[in-house]
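Novice: build me a model from this:
(one chain, ligands or ions: 1)
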Amino acid sequence: MGELSRFWRESDHRYRIMANKCGNCGKVYFPIRDVCPQCHRESIGKMKPLELTGKGEIVSFTIVHEAPPSFVRQRPYTLALIKLDEGPTLTGQIVDTDGSNVEIGKRVRAVFRRIGEDGKSGIIQYGYKFALE
Ligand SMILES: [Zn+2]
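Specialist: Here you go, the predicted model:
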């Protein structure tokens, strides 16, 4: 248990979700932008890195029955549009559910999970997904 929890602590640290924030208008961008599309020149040099909490709520969702080959083992799966507390919206998979308890407005948090494996090299890739709070 000790080894496993240490592994997850280190993973959480390594896979932070980084956005950035315009120092002029305060809007948060994820993925990161070099220049704020609203402020243009006024934002140059004022885009500050911001670590997202990974918490937000479900805006819409769909249960996907047809999956690309890399998802075959886990279908069907739930894909949701999530509005993060800091403002940006992003699409992510909701894990640890069969989809029956997923509802618009429910709170979610980012979790880091295995997203695939390179068959040739055996390298396992991790990325963020979301779990109901
Ligand atoms: Zn701006």
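
Novice: what parts of this structure come near the ion?
Specialist: Selection of the chain residues close to the ion by C-beta under 5 Å from the ion yields 22, 24, 25, 36, 38, 39, 43. Just so you know, the C-beta spots here come from the backbone N, C-alpha and C atoms, and that holds for glycine as well.

Novice: low-confidence stretches in this structure?
Specialist: Applying pLDDT under 70 to the chain flags residues 1-15, 67-75, 117-118.

Novice: go again using 90 as the cut-off
Specialist: Applying pLDDT under 90 to the chain flags the ranges 1-18, 31, 64-77, 98-99, 112-128.

Novice: strands along that one, start to end?
Specialist: For the chain, strands defined by DSSP state E occupy the ranges 18-22, 28-29, 47-51, 55-64, 77-84, 89-94, 107-117, 124-132.

Novice: will you turn the ones you listed into a markdown table that also has distance to residue 100 and mean neighbour count?
Specialist: What follows is the strands of the chain, written out as a markdown table (distance: least, C-beta to C-beta, whole Å; neighbours: other C-beta atoms under 10 Å):
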| stretch | distance to residue 100 | mean neighbour count |
| --- | --- | --- |
| strand 18-22 | 31 | 19 |
| strand 28-29 | 32 | 18 |
| strand 47-51 | 33 | 13 |
| strand 55-64 | 9 | 17 |
| strand 77-84 | 9 | 19 |
| strand 89-94 | 11 | 18 |
| strand 107-117 | 15 | 16 |
| strand 124-132 | 11 | 16 |
